[in-house]
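Chemist: quick one, fold the following:
(one chain, ligands or ions: 1)
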Amino acid sequence: MKTFNLPGPKARSLIERDNKVISPSYPRGYPFAMERGRGVEVWDVDGNRFLDFAAGIAVVTTGHSHPKVVQAIQEQAEKFIHISSDFYHEKWVELAETINRIAPFSEEAVSFMTNSGTESVEAAIKLARSHTERTQFIGFLGGFHGRTMGSIAFTASKKVYRHGFFPLMSGVVHVPYPDPYRQILESLPQEDYGDTVVRYIEEQILTKIIPPDDLAGILVEPIQGEGGYIVPSSGFFPALRRLCDKYGILLIADEVQSGIGRTGKWWAIEHFGVEPDIVCTAKGIASGMPLGVMFARKRIMDWEKGAHGNTYGGNPIACAAALATISLVENEYMQNATEVGRYTKEMAEEILFNKYSSIGEIRGQGLMIGIEFVEDRVTKKPAEQLRDAIIENAFQQGLILLGCGKSTIRLAPPLCVTREEVDEALEILDKVIMIGEGEVNTIAA
Ligand SMILES: Cc1ncc(COP(=O)(O)O)c(C=O)c1O
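Modeler: You can find the predicted model right below:
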């Protein structure tokens with residue numbers, strides 16, 4: 001296993017040019033300058049090879065430049081690139097029909113196409129207000145839903161996303177996410193923590209802050225992404241669904257990161273046996289082409305002509321890439337996400353958790369796996385510095401990783417990842433956790 005000395009000369013020069021002309025707001029963690037990619041492998045401009053366990057923030061579902069996705073893009077580009085959402089075309093309808101087939105509810109699904117995750121969330125907020133004629137929402141602490149002025153009102157994972165941008169859209173109250181590892185609320189004896197959170201919403205929020213008749217929707221990530229790859233307590237979604245049914249509140253699932261087979265099912269909410277009313281998706285749906293979809297039960301998507309729209313919605317190339325992606329996920333990669341995801345978690349537990357007490361928890365579903373680092377397993381104090389050192393050292397060893405939450409590393413490779421690639425990544429992780437622990441302890445001493 002060789003250690004690179006990054007950035008190399010070409011990367012350094014590109015980054016210098018970038019620094020002059022690209023917004024400094026982008027949160028770049030380390031200097032990876034990409035030249036090309038294939039499957040789970042990527043190469044930088046200096047010819048160094050890496051394993052990509054971030055997949056462009058859980059986007060390149062089918063791996064980098066999958067030949068079938070490339071072919072679908074090329075074929076569509078030859079025919080036409082754009083016509084606008086004012087007109088009709090085959091791929092757009094075909095994609096909406098496909099979404100209808102795989103939607104996580106028994107009623108028919110109607111789709112609104114967007115260009116990103118945040119735009120899917122904006123569309124869901126507007127649809128919920130329009131359909132219910134109510135104005136208020138509930139979001140969750142640690143949630144991430146995007147950075148535009150509507151979605152940012154829900155995003156509550158880091159203060160930097162909000163600092164300097166007030167006033168945000170009004171009408172959002174945040175409650176604790178049902179994180180079984182870090183419980184903020186006190187449960188009753190024998191009570192599932194998910195039930196505790198829903199009881200808190202009903203007994204506290206709905207009686208003191210938002211009258212139920214004013215509450216349009218509850219926006220929630222079925223597995224929290226940027227907040228720390230947190231799988232909620234098992235009772236949470238069934239209790240939340242009951243609450244929504246009781247008061248006529250829309251359950252809006254933000255599947256932007258967790259959807260499209262990443263967790264081993266089309267939608268992460270399916271793991272909890274609950275049907276949402278509105279779903280937001282983006283990221284993994286088109287293997288990297290910018291596309292999002294906000295879809296809802298047909299009876300809910302009842303807004304009038306002109307109430308919402310966009311120029312690029314249903315872009316033909318993005319739709320073609322999405323159809324190719326969904327077909328690949330359906331035929332092989334969703335199953336792979338289940339099997340290789342289980343293998344990854346088991347091996348990470350065997351090789352890493354048992355060896356390093358700085359690992360507080362390994363959790364996740366399918367290929368959405370989080371490794372949380374703590375100062376010790378009793379206090380669970382987040383080991384932020386250690387996590388950052390591990391990510392930086394992994395990069396120097398040829399492994400692309402991203403953090404999430406305060407001190408968690410996400411393992412979110414393309415869904416085509418193999419066991420051999422997982423073994424290689426875990427070998428690097430083993431080495432860099434050891435190096436990281438040494439570095440952080442040296443600084444502390
Ligand atoms: C759950 C979730 N929702 C929404 C978004 C926003 O997506 P985008 O960056 O495409 O606007 C993200 C992005 O990370 C996300 O993880």
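
Chemist: pull the number of nearby residues for Gln74.
Modeler: Neighbours of Gln74 under the rule other CB atoms under 10 Å: 11. C-beta here means a position set from N, CA and C on the backbone, and glycine is covered the same way.

Chemist: quick one: pLDDT of it?
Modeler: We have a pLDDT of 98 for Gln74.

Chemist: please name the nearest non-neighbouring residue to Gly360.
Modeler: Val374 (3.6 Å; CB to CB, 6 or more residues apart in numbering).

Chemist: and the residue nearest the centre of the chain, what does it touch?
Modeler: The residue lying closest to the centre of the chain (CA atoms, centre = their mean) is Gln257, at 2.1 Å. The neighbours of Gln257, taking CB atoms under 8 Å, 6 or more residues apart in numbering as the test, are 57-58, 117, 221, 223, 225-226, 283, 368.

Chemist: in what helix or strand does the nearest residue to Thr311 once chain neighbours are set aside lie?
Modeler: Leaving out its chain neighbours, the residue that sits closest to Thr311 by CB to CB, 6+ apart is Ser84, at 5.7 Å. Assessed by DSSP states H and E, Ser84 sits outside every helix and strand.

Chemist: please apply the same query to Leu243.
Modeler: Applying DSSP H and E, one finds Leu243 within helix 236-247.

Chemist: give the rounded mean pLDDT of that helix.
Modeler: Mean predicted lDDT for helix 236-247 stands at 98.

Chemist: which strands and helices lie in contact with whatever helix or strand comes next after it?
Modeler: Using DSSP H and E, the helix or strand that follows helix 236-247 in sequence is strand 250-254. The helices and strands touching strand 250-254, judged by 3 or more CB pairs under 8 Å, 6 or more residues apart in numbering; DSSP states H and E, are helix 117-132, strand 215-220, helix 236-247, strand 278-281.

Chemist: how about strand 250-254, does it reach the ligand?
Modeler: Yes: applying CB under 6 Å from any ligand atom, one finds strand 250-254 in contact with the ligand at Asp254.

Chemist: what pairs with that strand, parallel or antiparallel?
Modeler: Strand 250-254 has the following strand partners under DSSP bridges: strand 215-220 (parallel), strand 278-281 (parallel).

Chemist: Gln335: which of the ones you listed is closest?
Modeler: Proximity to Gln335, assessed across those by CB to CB, is greatest for strand 278-281 (19.9 Å).

Chemist: would you mind listing the outside residues contacting that closest one?
Modeler: 103-104, 117, 120-121, 123-124, 127-128, 145, 217, 250-256, 259-260, 267, 269, 292-297, 300.

Chemist: follow-up on the earlier one: wait, which of the strands paired with strand 250-254 is closest to the ligand?
Modeler: The closest of the strands paired with strand 250-254 to the ligand is strand 278-281. By CB to the nearest ligand atom, the value is 6.6 Å.

Chemist: check whether that closest one contacts the ligand.
Modeler: No: using CB under 6 Å from any ligand atom, strand 278-281 stays clear of the ligand, coming no nearer than 6.6 Å.

Chemist: next helix or strand past that strand?
Modeler: Going down the chain from strand 278-281, the next helix or strand is strand 292-297, by DSSP H and E.

Chemist: need the winner for burial among the strands paired with strand 250-254.
Modeler: Mean neighbour count (mean count of other CB atoms under 10 Å) peaks for strand 278-281 among the strands paired with strand 250-254, with a mean of 29.

Chemist: return that one as CSV; C-alpha atoms alone will do.
Modeler: C-alpha atoms of strand 278-281 as CSV (Å, rounded to 0.1, in the frame of the first residue of the first chain):
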residue,chain,number,x,y,z
ILE,A,278,-44.8,12.7,-0.9
VAL,A,279,-41.3,11.6,-1.8
CYS,A,280,-38.3,13.8,-2.8
THR,A,281,-35.5,12.1,-4.7
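
Chemist: what's in contact with the helix or strand containing Asp18?
Modeler: Using DSSP H and E, Asp18 maps to helix 9-21. Helix 9-21 is contacted from outside by 7, 31-33, 44-46, using CB under 8 Å, 6+ apart.
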